[in-house]
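**Student:** Sequence and computational prediction follow.
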Amino acid sequence: MDVSSYMDVFLIESREHLQNLNQSLLDLESNPHKSSVLGELFRSSHTLKGMAATMGFNQIAHLTHEMENVLSDLRAQKIRVTEEVVDVLFQCLDSLSQMVDSIELGKGGEMPVDQIVVRLVNLGNENQPATPGEPARVEIVEESSSDFNINQYDSTLIQQAQNQELNVFHVVVEVDEGSLMKSVRAYMVFKNLEEMGEIFKSLPSAQELEEGSFDQRFEVLFISKSEQEAVVKAINQISEVKVVSCECFEPAAVEVSAASEAAHRMVEAAAEDAGAAGTVRSTGKVRQTVRVDIERLDNLMNLVGELVINKTRLEQIGSTQNLFELNETVEQFARISTDLQNVVMKVRMVPVEQVFNRFPRMVRDLAKDLGKEINFVMEGKETELDRTVIDEIGDPLVHLLRNSIDHGIEMPEVRESNGKPREGTVKLIARHEGNSVVIEVIDDGRGIDVEKNRKRGLELGWISEDRYDEYELINLIFKPGFSTAETVTDLSGRGVGLDAVKAKIESLSGTVMVENQPGAGTCFRIRLPLTLAIIQALLVKVGNEIYAIPLSSVDETTIVYRQNIRKVQSQEVVVLRGQVLPLLKLGQQLGANGMVEDNEKDLFVVVVRKANRRIGLVVDSLIGQQEIVIKSLGRLMASIPGLAGATILGDGDVSLILDVGTLF
């Protein structure tokens with residue numbers, strides 16, 4: 001069977017399962033007795049193994065199978081959750097991730113895994129049972145007959161289920177003789193049943209079922225809150241499969257063991273799964289999704305952008321020609337195009353959780369390497385951003401988190417001596433503010449040493465002895481090559497991390513600013529636009545040219561009387577509501593054509609904000625607010641400071657869009 005057409009789906013779903021495994025393993029480390037987490041780990045690894053085997057990537061299937069054995073031992077409490085077990089499982093996930101990356105690059109996904117396999121196999125021998133004096137667990141012995149070999153653990157499990165009024169079913173399933181992929185059908189049966197409860201025994205074994213080493217029938221013992229009819233229906237809806245029998249299982253004799261904690265937790269997991277499934281069924285509606293290539297969404301957004309441009313053109317024709325009938329039609333067209341634009345925008349929006357979920361593992365490994373104790377808190381993971389922005393913010397957040405953990409959080413002994421808890425806190429928070437998304441990285445560490453920055457800035461000649469302020473000193477950390485680290489390590493000391501952060505955020509038309517509290521911590525605040533495709537802008541005229549200023553950067557517009565303008569150190573300023581506002585003549589800054597200096601005329605000023613600094617842009621006139629479509633300037637003009645792109649106006653003219661972040 002040709003499986004090449006499924007490669008893209010395999011790569012996407014493999015990464016999703018690996019991400020889920022990483023997250024679940026972190027949860028297991030924090031809550032080693034939470035059986036539902038073990039169930040999630042088992043399900044994801046089981047699915048990944050089946051996908052890899054189907055695609056012919058046997059090394060991934062082999063490594064995942066060995067990992068499954070360890071998870072099975074954890075679930076049966078033959079070994080306990082220790083730091084060593086978690087570290088080995090994380091190494092296994094790293095190897096699987098590298099193999100998936102290799103497959104994407106066309107290298108086949110082969111890599112040496114013998115060493116990690118040996119460590120996985122040895123885990124069962126190196127770890128002791130979780131409870132001292134606990135009787136040795138009996139391995140499940142599979143037999144070719146229809147009689148299950150029920151051991152002490154199984155007996156306890158069944159008794160716990162009955163005590164909680166859960167159903168224990170013995171299900172016999174038959175696969176059609178003409179089926180070419182018996183193992184896939186068996187996998188689909190397992191998948192449907194695990195959504196309703198917990199399978200705790202199968203005949204033949206799960207491995208034999210995956211390999212297709214069975215006749216047409218197989219049997220499972222299954223715990224669920226669901227009724228018998230629902231179980232039969234869930235299996236019979238799978239093609240080439242039918243239920244031969246589904247009966248409540250009553251073993252000949254069930255002895256309740258004192259060591260029943262593991263069985264009790266597994267029953268709890270089955271109850272949780274059944275409860276979740278019941279919640280979905282009670283709504284009577286199942287949410288359906290479909291995967292769409294991002295390129296198709298980009299094309300759809302471009303077409304919507306063309307509609308917006310032509311809508312603006314029609315509005316201008318209607319107003320200049322005073323055509324009442326056209327204006328009425330254009331208003332209706334504008335409502336429809338706005339609704340269409342909103343729908344397309346929502347389709348492109350994805351939760352920042354997609355980026356955030358990769359960080360807990362990174363923080364855990366980094367804290368362990370540095371010998372620090374970190375409490376990592378994430379908030380607002382449901383906040384949505386445009387997919388193009390999501391794809392770009394991962395690296396800047398990595399740099400900021402590494403900076404907070406390495407530079408910000410002190411060693412546990414130092415924190416204790418300063419009256420702080422040994423465990424430092426790092427927060428990653430996302431939220432909506434107007435038409436922007438704010439992402440904050442906050443730590444309760446030592447803060448930025450402003451005096452140290454000042455000395456380093458003087459050494460490099462970037463500041464003068466007599467002219468600097470605290471804002472300027474703090475923002476030295478964003479300059480390329482600036483570092484106060486005394487030694488260069490793998491994490492810091494080269495002065496490239498925060499410089500890269502600032503460059504990337506500004507390329508996304510965003511801003512980054514720092515709030516510093518010496519001895520108490522630091523907050524890095526990133527502000528990003530919701531989308532980089534269609535925005536609201538203020539159109540202004542400077543000379544003969546029309547420019548667009550994104551509304552997200554505009555604080556206000558005002559008129560400044562010439563007699564109120566003062567000069568401070570050769571810089572024109574005006575006092576606006578008690579605050580000194582520097583003025584920047586946009587025509588001179590951009591070299592606009594048709595500039596005429598009129599010393600009698602009052603000035604139109606657009607007050608814009610860059611981080612926590614404000615400046616007044618002097619323009620000739622204000623045209624008004626308009627929805628614009630951002631067009632790229634191309635590679636040759638992409639690096640020009642002050643310009644973010646261009647847009648097409650209603651009359652067909654091209655207007656440049658200003659980038660306030662790099663304009664001053």
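**Tutor:** On my side now, so go ahead.

**Student:** host element of Val377?
**Tutor:** Following DSSP states H and E, one finds Val377 within strand 374-379.

**Student:** And for Lys233?
**Tutor:** helix 228-236.

**Student:** same deal with Asp94?
**Tutor:** The secondary structure element spanning Asp94 is helix 83-104 (assigned by DSSP H and E).

**Student:** Other residues contacting the helix holding Lys233?
**Tutor:** With C-beta atoms under 8 Å, 6 or more residues apart in numbering as the contact definition, helix 228-236 has outside contacts at 167, 169, 171, 173, 189, 192-193, 195-196, 222, 224, 226, 241-243, 246, 248, 281. Any C-beta I mention is one placed from the backbone N, CA and C, and that applies to glycine too.

**Student:** Show me how to select, in PyMOL, the buried members of those residues.
**Tutor:** Restricted to the buried members of the contacts of helix 228-236, where burial is judged by 16 or more other C-beta atoms under 10 Å, the PyMOL selection command reads as follows:
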select buried, resi 167+169+171+173+189+192+193+195+196+222+224+226+241+243+246
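
**Student:** before we move on, back to that, average pLDDT for the helix holding Lys233, rounded please.
**Tutor:** pLDDT averaged over helix 228-236 equals 87, rounded to a whole number.

**Student:** Just the CA coordinates for the very next helix or strand once past that helix, please, in CSV.
**Tutor:** For helix 228-236, the following helix or strand on the C-terminal side (DSSP H and E) is strand 241-248. Coordinates of the C-alpha atoms in strand 241-248 are reproduced here as CSV (Å, rounded to 0.1, in the frame of the first residue of the first chain):
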residue,chain,number,x,y,z
VAL,A,241,-15.9,-5.1,12.4
LYS,A,242,-18.9,-6.5,14.4
VAL,A,243,-19.5,-7.4,18.0
VAL,A,244,-20.0,-11.1,18.6
SER,A,245,-21.0,-10.7,22.2
CYS,A,246,-20.9,-8.0,24.9
GLU,A,247,-21.7,-9.2,28.4
CYS,A,248,-21.1,-8.1,32.0
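
**Student:** Name the strands paired with strand 241-248 and say parallel or antiparallel.
**Tutor:** For strand 241-248, the paired strands and their directions (DSSP bridges) read strand 167-175 (antiparallel).

**Student:** Helix 228-236 and the strand it pairs with, what's the angle between them?
**Tutor:** Calculated by axes from the mean of the first three to the mean of the last three C-alpha atoms, to 10 degrees, strand 167-175 forms an angle of 30 degrees with helix 228-236.

**Student:** Can you pull out the low-pLDDT segments for the protein?
**Tutor:** Low-confidence segments of the chain, defined by pLDDT under 70: 1-5, 124-149, 151-153, 250-289, 466-468, 484-497, 594-600, 611, 638-639.

**Student:** who does the single longest helix found in the chain touch, helix- and strand-wise?
**Tutor:** What stands out as the longest helix in the chain, according to DSSP state H, is helix 294-321. Counting contacts by 3 or more C-beta pairs under 8 Å, 6 or more residues apart in numbering; DSSP states H and E, the secondary-structure elements packed against helix 294-321 are helix 324-348, strand 534-542, strand 621-629.

**Student:** of all these, which lies closest to Gly642?
**Tutor:** Nearest to Gly642 among the helices and strands packed on helix 294-321 is strand 534-542 (12.4 Å), distances taken as C-beta to C-beta.

**Student:** What strands line up against the next helix or strand after the closest one, and which way round?
**Tutor:** Following strand 534-542 in sequence order, the next helix or strand is strand 545-550 (DSSP H and E). Its sheet considered, strand 545-550 pairs with strand 534-542 (antiparallel), strand 654-658 (parallel) by DSSP bridges.

**Student:** So which of the helices and strands packed on helix 294-321 has the densest surroundings on average?
**Tutor:** Per-residue neighbour counts averaged over each of these give the maximum for strand 534-542, namely a mean of 20 (mean count of other C-beta atoms under 10 Å).

**Student:** Could you check the angle that strand makes with helix 324-348?
**Tutor:** Using the same axes, to 10 degrees, the inter-axis angle of strand 534-542 relative to helix 324-348 is 130 degrees.
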